[in-house]
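1. Would you be able to build a 3D model of this:
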Amino acid sequence: MYYFLMKKIILIFTLVWFGFISYSFAADFQKGLDAAQSGDFVTALKEWRPLANQGVADAQLYLGVMYKNGDGVIQNHKEAFKWYRLAAEQGNVDAQISLGAMYENGEGIIQDDKEAFKWYHLAAEQGDELAQSTIGWMYYEGIGVIQDYKEAVKWYHLSADQGDADAQTDLGLMYARGKGVTQDYKEAVKWYRLAAEQGYANGQYNLGWMYYYGKGVIKDYKKTIKWYSLAAEQGVTKAQYAIGYMYVYGKGVIEDKVIAHMWWSIAISQGYEHAKKNKDKLVELMTISQIEEAQRLERECVSNDYKGC
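-> Below you'll find the model as predicted:
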């Protein structure tokens, strides 16, 4: 459900199989790691199961990952849950996050937001930035815990200070809206920019929005276009729509109905229905050749994953 938590889970799987986490275990563990890296999960299971049964937390985590993914074993969420819990109870951060995700999504266990919050919170208290960001979000939404904007800000700050772009963007929103903190557009811009400069699409869009309305910065349509374009290239539909709007009215760019049509068509194709009414009105002002050119550019843009459109 939470994009950034899923990103963390994917990161855990990567660290597992490619060995970016340092270990000081016996040769048996290394054999398992070498086997997993080469795709030989049967051997990895053979080496790791005895260690997991002996209480080695990282081996327990890895068995959980294998059962979660169905790597070398029949996929079994209940078995994954069992091994994650054993590792999580020993304080393994990645296992705590994985266990929290299983409670959140009801995989291998009855869905339980309070239990999800509990395990994410344990990982957050150990300093994991993505768990901290998740806890901030749960406080913001009141999921698994009583809604508390000040607590949300606290956890967003802890994560944002470690460089997490999700948390930086969410913290920027808190400052922009004055939730849990005194409203401060300049502070919002600061955090949006940090996220945007890391290539985080929502941070880029929000920074563009601040430049468009002159909130916390001097109004600047060219900078608006810059940041909207970067977000649009990553598939952010509201940015794609906004760029079309700016081309229609020539804000920061030369007025161009063809480009506007292209971006609105792309946004609509991704489910942004708000653009449809405006596109229909725009079509009435365009020639057949302009519409055909816009459709051609749309096809090229989509085929290039929105890059350089």
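
2. Can you tell me the SS state at S159?
-> What DSSP: H, G, I helix; E, B strand; the rest coil gives for S159 is helix.

3. Same check on the one 4 residues further on?
-> Assigned with three-state DSSP, G163 falls in the coil class.

4. measure A239 to E273 for me?
-> A239 is 16 Å from E273, where distance means C-beta to C-beta, to the nearest Å. In this view, the C-beta of every residue, glycine as well, is placed from N, C-alpha and C.

5. all helices of the stretch 1-150 of the chain, in order?
-> For the stretch 1-150 of the chain, the helices defined by DSSP state H, counting those that start in this stretch occupy 3-18, 27-37, 41-53, 57-69, 77-88, 93-105, 113-125, 129-141, 149-160.

6. more crowded one of A239 and E273?
-> A239 (27 against 9; other C-beta atoms under 10 Å).

7. What ranges in this structure fall below the confidence cut-off?
-> Within the chain, the ranges that satisfy pLDDT under 70 run 1-27.

8. redo that, cut-off 80
-> Within the chain, the segments meeting pLDDT under 80 span 1-30, 32-33.

9. Contact partners for G142?
-> By C-beta atoms under 8 Å, 6 or more residues apart in numbering, the residues touching G142 are D148.

10. Report the secondary structure state of K179.
-> Secondary structure, three-state DSSP: K179 is coil.

11. what's the spacing between the closest residue to K150 other than its chain neighbours and V65?
-> Using C-beta to C-beta, 6 or more residues apart in numbering and skipping the chain neighbours, the partner closest in space to K150 is G180 (4.5 Å). Applying C-beta to C-beta, the value for G180 to V65 is 35 Å.

12. Who has more neighbours out of the two?
-> V65 (23 against 20).

13. residue boundaries of the helices in the stretch 201-309 of the chain?
-> 201-213, 221-232, 237-249, 257-269, 274-283, 288-303.

14. Please save the CA atoms from the fifth one in PDB.
-> To tie it back to what came earlier, the one meant is helix 274-283. Provided in PDB are the C-alpha atoms of helix 274-283 (Å, rounded to 0.1, in the frame of the first residue of the first chain):
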ATOM      1  CA  HIS A 274      -9.700  16.100 -15.300                       C
ATOM      2  CA  ALA A 275      -7.800  16.800 -18.600                       C
ATOM      3  CA  LYS A 276     -10.500  15.500 -20.900                       C
ATOM      4  CA  LYS A 277     -12.900  18.400 -20.800                       C
ATOM      5  CA  ASN A 278     -10.100  20.900 -21.500                       C
ATOM      6  CA  LYS A 279      -8.700  18.700 -24.300                       C
ATOM      7  CA  ASP A 280     -12.100  18.600 -25.900                       C
ATOM      8  CA  LYS A 281     -12.200  22.400 -25.900                       C
ATOM      9  CA  LEU A 282      -8.700  22.600 -27.200                       C
ATOM     10  CA  VAL A 283      -9.500  20.300 -30.100                       C
END
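
15. M102 - how many residues pack around it?
-> 26.

16. Kindly report the same for Q111.
-> 12.

17. for the one 10 residues further on, same thing?
-> Residue crowding around H121 was assessed by other C-beta under 10 Å; the count is 20.

18. Could you give the backbone dihedrals for N92?
-> N92 adopts backbone torsions of phi -70, psi 120, taken as degrees, to the nearest 10.

19. Let me know the distance separating it from D220.
-> As for N92, its distance to D220 is 47 Å (criterion: C-beta to C-beta).

20. These two: who's more crowded?
-> N92 (22 against 15).

21. which residues sit in contact with the more buried one?
-> 57-58, 60-61.

22. One more pass at 7 Å, please.
-> Neighbouring residues of N92 by C-beta atoms under 7 Å, 6 or more residues apart in numbering: 57-58, 61.

23. A275 too?
-> Listed by C-beta under 7 Å, 6+ apart, the contact set of A275 reads 241, 244, 264, 267-268.

24. any chance of those in CSV, plus distance to R296?
-> Converted to CSV, these look like this (distance: C-beta to C-beta, whole Å):
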residue, distance to R296
Y241, 20
G244, 16
W264, 15
A267, 17
I268, 17
